[in-house]
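S.K.: Everything below, folded, please.
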Amino acid sequence: MSDEMLVPLDLYLASGIHIGTTQKTRDMERYIFRIRQDGLYILDINETNKKIEKVGKFLAKFEPEKILVVSSRIYGFKPVLAFGQKIGAKTITKRFIPGSLTNPNCEDFIEPEVVILTDPRADYQILREAGLAKIPVVALCDSENYLSNVDLVVPTNNKGKKALALVYYLIAREMLKAKGQIKDGEEPPFSIDDFKSKDEED
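M.R.: Numbering: from 1, shown residues only. This next block holds a predicted model:
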């Protein structure tokens, strides 16, 4: 895996991808770069960059329709839906119906081979069911998240719209690269603007 940035550092910084919360868990300590004077924990962008590349390669092993991407909070809706549309993955936004991953009699029952969570705390029910169903979990985790039942973590601000747009765009791009559908340095058939909410497009 290269140590090069997937996008210019300025773009990472402008998105606020590194801005954590005023709380941290022991699980996330290793991904924290420093604490700001105002008490906010700052995540290590180098770690985020490496993990995005790693997650892209991991997801490339699955058929797109076997990937489930989830956000129960509004700030993740647009990036998640865009990821699903561009990659061909299944998506769940808003309310998750309990039993959808564990009860074959449930009307909404699905059998994904991997789940991506925008926030494991908000998406706790899905995290729990994925664990019971032995489905690997990729999670975007902020400084205050716990990593239990999480197989692959992307340390990131998982509450900012710009940060989430950039993370989901990059994961989608790295996945296509790993599948050989685009070459290094080549642009994918979509842009980061496709992942942004209308109110934050420049």
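S.K.: Every contact and neighbour count from this point should use C-alpha atoms.
M.R.: Will do.
S.K.: Okay, the residue most central in space within the chain and P189: tell me how far apart.
M.R.: The chain has L140 as the residue nearest its centroid, 4.3 Å off, counting by C-alpha atoms, centre = their mean. According to C-alpha to C-alpha, to the nearest Å, L140 stands 24 Å off from P189.
S.K.: try D27
M.R.: Applying C-alpha to C-alpha to D27 and P189 gives a distance of 36 Å.
S.K.: Who has more neighbours out of these two?
M.R.: For D27 and P189, the more surrounded residue by other C-alpha atoms under 10 Å is D27, and the numbers stand at 13 against 9.
S.K.: In which helix or strand does the closest residue in space to E174 that isn't next to it in sequence reside?
M.R.: Among residues not flanking E174 along the chain, G56 sits closest, at 4.7 Å (C-alpha to C-alpha, 6 or more residues apart in numbering). Element membership for G56, per DSSP states H and E: helix 45-59.
S.K.: Does anything pack onto that helix? Which helices or strands?
M.R.: Applying 3 or more C-alpha pairs under 8 Å, 6 or more residues apart in numbering; DSSP states H and E, one finds that helix 45-59 contacts strand 152-155, helix 161-178.
S.K.: Grab the nearest non-local neighbour of D123.
M.R.: Going by C-alpha to C-alpha, 6+ apart, D123 has S72 as its nearest residue, at 6.2 Å.
S.K.: Okay, now the unreliable bits of this protein?
M.R.: 1-3, 199-202 (pLDDT under 70).
S.K.: Please report the distance of R36 from A122.
M.R.: 25 Å.
S.K.: For burial, what's the neighbour tally of the residue lying closest to N149 once chain neighbours are set aside?
M.R.: In space, and not counting its chain neighbours, N149 is closest to G131: 6.0 Å by C-alpha to C-alpha, 6+ apart. Residues near G131, counting by other C-alpha under 10 Å, number 18.
S.K.: So G131 sits against D151, correct?
M.R.: No: with contacts counted by C-alpha atoms under 8 Å, G131 stays clear of D151, the gap being 9.9 Å.
S.K.: Identify the bridge partners of R34.
M.R.: The partner list for R34 in beta bridges (DSSP bridges) reads I42.
S.K.: residues contacting it?
M.R.: Y41, I42, L43 (C-alpha atoms under 8 Å, 6 or more residues apart in numbering).
S.K.: now those residues: which count as buried?
M.R.: Y41, I42, L43 (16 or more other C-alpha atoms under 10 Å).
S.K.: got these as CSV, with distance to M5 columns?
M.R.: Formatted as CSV, those follow (distance: C-alpha to C-alpha, whole Å):
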residue, distance to M5
Y41, 21
I42, 18
L43, 15
